[in-house]
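>>> Fold the stuff below for me.
(one chain, ligands or ions: 1)
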Amino acid sequence: MNAAQETKPDNKGLKKEVSRRRTFAIISHPDAGKTTLTEKFLLYAGAVELAGSVRARASQQHTASDWMTMERQRGISISATALEMEYQGFRINLLDTPGHQDFSEDTYRTLMAADSAVMVLDSAKGIEAQTEKLFRVCRMRGVPILTFINKMDHPGRDPLALLDEIERILGIAAVPMNWPVGEAPSFQGVYDLRGNKMLRFQRTEHNRFRAPVQVSGIDDPALPELLGQAAYDKLVEDASLLSGAVAEFDLVRFLNGTMTPVFFGSALNNFGVEAFLNAVLELAPAPVARETEQGVIDPASDTFRGFVFKLQANIDPRHRDRMAFVRVCSGKFEKDMLVLNPRLKQEIRLSRAFKLFGRERVSVDEAFPGDVIGVVSPGLLSIGDTVTTGKPIDFAKIPVFPPEHFAILVNDDVTRFKQFNKGLEQLEEEGAIQVLNSEDALRREPIVAAVGELQFDVVLSRLEEEYGVKARVQRLGFCGARWIRASDGAIPRMSLSTGMRRCRDKNDGIVVLYNSKWELEYFQKENPGLILSETS
Ligand code: GDP
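Below is the predicted model of the structure:
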């Protein structure tokens with residue numbers, strides 16, 4: 001379908017709503033300052049009371065937004081919700097990604113719903129393990145990334161070395177947009193390389209900073225006096241090094257994910273945050289056209305379209321229901337709208353649509369491309385499903401990550417057998433785990449397969465809190481799984497070595513579990529007619 005044909009010329013209102021939206025996620029290694037930066041963004045947007053609850057979420061305090069004890073205990077955020085804020089005419093949708101690598105599959109799904117990402121680095125630590133992993137996930141999606149190098153008030157690494165590290169480890173060009181002046185503890189602020197402004201840092205007065213000083217450029221005679229000769233000389237030296245060493249900022253390369261603009265600052269001291277937020281709004285793309293197998297979808301088209309990127313049950317103990325989070329991609333969402341789910345070939349009336357903050361749900365009457373809405377519609381929406389008022393399309397082939405951890409879940413309380421099964425089924429639908437049924441007559445217990453180990457803890461905790469089932473995990477030694485098909489389409493026949501296990505997934509697909517790379521290679525050699533895949 002050609003988007004131009006279906007767009008009325010008078011849809012200026014929709015176009016305006018699209019162009020003022022910025023939907024992004026913040027990625028970082030734990031402790032780099034993601035929560036602090038989110039909190040400061042909320043402060044700028046005037047959402048002071050919300051800023052406090054972001055902090056409470058990350059700290060171990062008990063508040064309404066801490067809906068899961070697990071999150072508090074681990075100090076990590078497992079759910080992905082969207083924070084919304086209005087700032088200077090923009091609507092910001094900040095998607096929360098889990099920080100821990102064990103939830104990278106969840107992160108990937110959330111990034112499918114984001115139009116860009118902000119990467120926060122600790123200036124003393126540079127690229128850390130989790131930054132790298134999350135970056136790779138962004139890279140797979142090709143999302144544009146803005147970088148904020150945080151904690152400049154503390155002694156950190158040399159800024160040039162940090163840029164070099166981004167380029168070397170992440171393989172992406174890093175272009176400084178501002179440059180730190182003076183090293184901690186005498187950090188003086190940042191020089192805005194594009195706007196020729198000196199933003200001066202002041203630690204006192206409740207972390208406020210002095211008004212920026214406009215200068216004509218690095219050669220401005222006012223600068224040495226402003227900064228002191230030594231800091232000025234260093235800035236001049238750095239600037240000359242930079243001009244030879246780094247590329248010019250290129251919007252096209254930023255948008256295709258091969259170049260990241262880099263900003264320095266200190267989230268805790270609220271320094272450089274406003275300039276960074278303004279840059280995010282200026283550079284990060286508004287919702288863009290998305291490619292689908294059925295053609296390019298213009299966000300400003302009249303047809304409403306969105307896709308489900310996350311499912312979660314029992315968010316609110318008062319409403320024990322399941323919410324599907326839909327990213328709106330085109331058109332306008334209106335309450336009570338009738339949409340098609342092409343997978344089921346079924347129409348669904350979206351009468352129960354909500355926005356979430358923590359546990360609180362607020363009914364939504366309208367939403368625009370870039371927005372995220374939570375839809376309650378039992379059994380009708382799965383991860384990856386499209387909802388549309390138009391012709392069937394496939395938005396998002398949301399990939400499944402190969403499981404690497406396997407365990408048997410043991411439920412000792414036979415009286416809660418039904419709840420146990422229901423819980424497992426629900427968690428599988430949410431994409432938290434996969435349940436595999438062993439075909440071994442002697443070992444019938446269902447096997448739970450997960451991408452990250454912590455997912456088992458989440459499953460145990462949620463089974464207990466939401467289903468009243470106290471289960472135990474018995475770890476199995478398998479290190480990987482392969483989904484099996486025969487090349488001729490027939491039911492595959494195979495010879496298994498004794499340590500391996502043959503199972504069925506929920507769609508009756510045949511899966512084998514193996515204990516080592518060597519065992520897998522041997523299996524392949526013994527069964528040359530089979531097609532093996534890492535996921536279903
Ligand atoms: P997250 O795990 O990435 O969400 O990190 P947090 O935002 O919770 O920050 C981790 C720690 O770093 C906290 O103790 C913050 O107070 C501290 N922190 C955050 N930003 C800064 C900063 O700009 N300077 C300094 N010195 N500390 C910071």
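>>> Share the number of residues neighbouring the residue nearest to residue 201 when sequence neighbours are not counted, please.
Excluding the flanking residues, the one nearest residue 201 by C-beta to C-beta, 6 or more residues apart in numbering is residue 189, at 4.1 Å. Quick note: C-beta positions are derived from backbone N, CA and C, even for glycine. Number of residues near residue 189 (other C-beta atoms under 10 Å) recorded here: 29.
>>> is it true that residue 189 touches residue 179?
No - judged on C-beta atoms under 8 Å, residue 189 makes no contact with residue 179 at a distance of 9.9 Å.
>>> How far away from the center of its chain is the one helix or strand residue 22 maps to?
Here residue 22 sits within strand 21-28, counting by DSSP states H and E. Chain-centre distance of strand 21-28: 8 Å, with C-alpha atoms, centre = their mean, to the nearest Å.
>>> swap in stretch 503-519?
When distances are taken as C-alpha atoms, centre = their mean, stretch 503-519 is centred 29 Å away from the chain's centroid.
>>> if we can go back for a sec, say whether the ligand is contacted by the strand holding residue 22.
Yes - contact of strand 21-28 with the ligand is found when judged by C-beta under 6 Å from any ligand atom, involving residue 28.
>>> which neighbours does that strand have in its sheet, and in what orientation?
Next to strand 21-28 in the sheet, as set by DSSP bridges, lie strand 90-95 (parallel), strand 116-122 (parallel).
>>> okay, these, which one's buried deepest?
Highest mean neighbour count of the strands paired with strand 21-28: strand 116-122, a mean of 24 (counted as mean count of other C-beta atoms under 10 Å).
>>> just to revisit the earlier point, could you point out the helix or strand that follows the strand holding residue 22?
Using DSSP H and E, the helix or strand that directly follows strand 21-28 along the chain is helix 34-44.
>>> what angle do that following helix and strand 21-28 make?
150 degrees (axes from the mean of the first three to the mean of the last three C-alpha atoms, to 10 degrees).
>>> Just after the worst-scoring helix or strand of the chain on mean pLDDT, pick out the following helix or strand.
Across the helices and strands of the chain, mean pLDDT, DSSP states H and E gives its lowest value to helix 3-6, namely a mean of 46. With elements assigned by DSSP H and E, the helix or strand that comes after helix 3-6 is helix 12-19.
>>> Need the residues that contact that following helix.
Under the contact criterion C-beta atoms under 8 Å, 6 or more residues apart in numbering, helix 12-19 has outside partners 91, 286-287, 299-300, 302, 331-332, 368-370.
>>> Over to stretch 465-480?
Contacts for stretch 465-480 (C-beta under 8 Å, 6+ apart): 68-69, 313-314, 317, 320, 402-413, 416, 419-420, 422-423, 447-448, 456, 459-460, 463-464, 501, 513-517, 520, 534.
>>> One more: stretch 448-461?
Stretch 448-461 is contacted from outside by 68-70, 74, 78, 100-105, 401-409, 424, 427, 432-436, 471-473, 481, using C-beta under 8 Å, 6+ apart.
>>> quick one: buried residues of it?
Within stretch 448-461, the residues scored as buried using 16 or more other C-beta atoms under 10 Å are 448-452, 454-461.
>>> ok, now stretch 527-536?
Across stretch 527-536, burial judged by 16+ other C-beta under 10 Å covers 527, 530.
>>> Identify the residues contacting that stretch?
Against stretch 527-536 from outside (C-beta under 8 Å, 6+ apart): 399-402, 434, 480-488, 492, 494-495, 505, 507, 509, 511, 524.
>>> Separate out the buried members of the residues you listed.
Neighbour counting by 16+ other C-beta under 10 Å classes 400-402, 434, 480-485, 492, 505, 511 among those as buried.
>>> can I get those residues in JSON lines with distance to residue 223, secondary structure and pLDDT?
Below are these laid out as JSON lines (distance: C-beta to C-beta, whole Å; DSSP: H, G, I helix; E, B strand; the rest coil; pLDDT from 0 to 100):
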{"residue": "400", "distance to residue 223": "55", "secondary structure": "coil", "pLDDT": "77"}
{"residue": "401", "distance to residue 223": "51", "secondary structure": "coil", "pLDDT": "82"}
{"residue": "402", "distance to residue 223": "55", "secondary structure": "coil", "pLDDT": "87"}
{"residue": "434", "distance to residue 223": "60", "secondary structure": "strand", "pLDDT": "93"}
{"residue": "480", "distance to residue 223": "59", "secondary structure": "strand", "pLDDT": "96"}
{"residue": "481", "distance to residue 223": "61", "secondary structure": "strand", "pLDDT": "96"}
{"residue": "482", "distance to residue 223": "63", "secondary structure": "strand", "pLDDT": "95"}
{"residue": "483", "distance to residue 223": "63", "secondary structure": "strand", "pLDDT": "94"}
{"residue": "484", "distance to residue 223": "68", "secondary structure": "strand", "pLDDT": "93"}
{"residue": "485", "distance to residue 223": "68", "secondary structure": "strand", "pLDDT": "88"}
{"residue": "492", "distance to residue 223": "73", "secondary structure": "coil", "pLDDT": "75"}
{"residue": "505", "distance to residue 223": "65", "secondary structure": "coil", "pLDDT": "92"}
{"residue": "511", "distance to residue 223": "65", "secondary structure": "strand", "pLDDT": "95"}
